[in-house]
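J.: show me how the following folds:
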Amino acid sequence: MLKCSELFANYGSVAALKGISIEVQSGEIVAVIGSNGAGKTTLINSILGFVKPHKGTVIFEGQDITNIPAHKTTNLGISVVPEAREVFYSLTVKENLRMGLKKEIGKVKQQELEDRLVHLFDTFPRLKERINQQAGTLSGGEQQMLVISRALISNPKLLLLDEPSLGLAPIIVNEIFEIIKTLKKEGITIVLVEQIANKALSVADKAYVIENGKIVMSGSASELKENKDIAKAYLGV
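T.: Got it, this is the predicted structure:
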């Protein structure tokens, strides 16, 4: 479904990606792990079109999207949950969710929208309880659930999750990863960028380890979880 080949990208004069290559098959969860500043978010932004690689390609469903503007990649069926939990604070939960349909809202019938909401609320029952509550009054964990739901309401082919655990209490992190397991059972294809390696590897099919803009290790999630170097560097073992 997704293939990034030999991506090189800079932030100003700083080389952020130095020949990154990853592949994601339909229905997989692929984890990208590494320390802060390793290049993980730059990879996500290169896939989305927010960062233009100066070398390499991004292929999505057989189409070269390397130079496609970011606002058009979302129309191809790619949704992102950004690192910063960007909700519309003054809008209600339902209004935030409708914003996830902004590119297609004229095409979605009211009944279809309601059906999508019912499905989302099966996964995120807490949001149903707060459907008319302003997003700015939600807890951090609830806001993360809202952002994930907003990304899912358009039925994306590919979901990019950028640091979903960031800034959340451990008990909420566990809850978020249980939700990711549920999404996996539904067959949603996910690229999961995460600093908490053991959590990412517990839900992923395969994983890539990034250091200083380069892939230093890759393989099945179970293999990497048992790797002594990974355990020492990222799992606190």
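
J.: where exactly do the strands run in the protein?
T.: 2-11, 14-24, 29-33, 55-60, 63-64, 78-81, 158-162, 189-194, 206-211, 214-220 (DSSP state E).

J.: what mean pLDDT does the fourth one have?
T.: The one in question is strand 55-60. Averaging pLDDT along strand 55-60 yields 96.

J.: same question, the fifth one
T.: Strand 63-64 shows a mean pLDDT of 94.

J.: residues touching it, excluding its own?
T.: Strand 63-64 has contacts (Cβ atoms under 8 Å, 6 or more residues apart in numbering) with T57, V58, L76. Where you see a C-beta, it was placed from the backbone N, CA and C, and this is true even at glycine.

J.: what sits against the second one?
T.: Under the criterion of Cβ under 8 Å, 6+ apart, the contact list for V58 reads L2, K3, C4, L7, S46, I47, D64, I65, T66.

J.: nearest residue to H54 in space, please, no chain neighbours.
T.: Nearest residue to H54, sequence neighbours excluded (Cβ to Cβ, 6 or more residues apart in numbering): F8, at 5.7 Å.

J.: on that earlier part again, ok, the contacts of V58 vs K72, which is closest?
T.: I65 (8.2 Å; Cβ to Cβ).

J.: quick revisit: verify the stated contact: the residue nearest to H54 with G39.
T.: No - using Cβ atoms under 8 Å, F8 is not in contact with G39, being 10.7 Å away.

J.: where do the contact lists of these two overlap?
T.: Taking Cβ under 8 Å, 6+ apart as the contact rule, F8 and G39 both touch L17, K18.

J.: more neighbours: these two, which one.
T.: Counted by other Cβ atoms under 10 Å, F8 and G39 do not tie: G39 has more neighbours, with 26 against 16.

J.: mind listing what the more buried one touches?
T.: Contacts of G39 by Cβ under 8 Å, 6+ apart are A16, L17, K18, I20, I210, N212, G213, K214.

J.: what's the nearest residue to the fourth one if we skip its chain neighbours?
T.: Spatial nearest neighbour of I20, chain neighbours left out: L7 (4.4 Å); criterion: Cβ to Cβ, 6+ apart.
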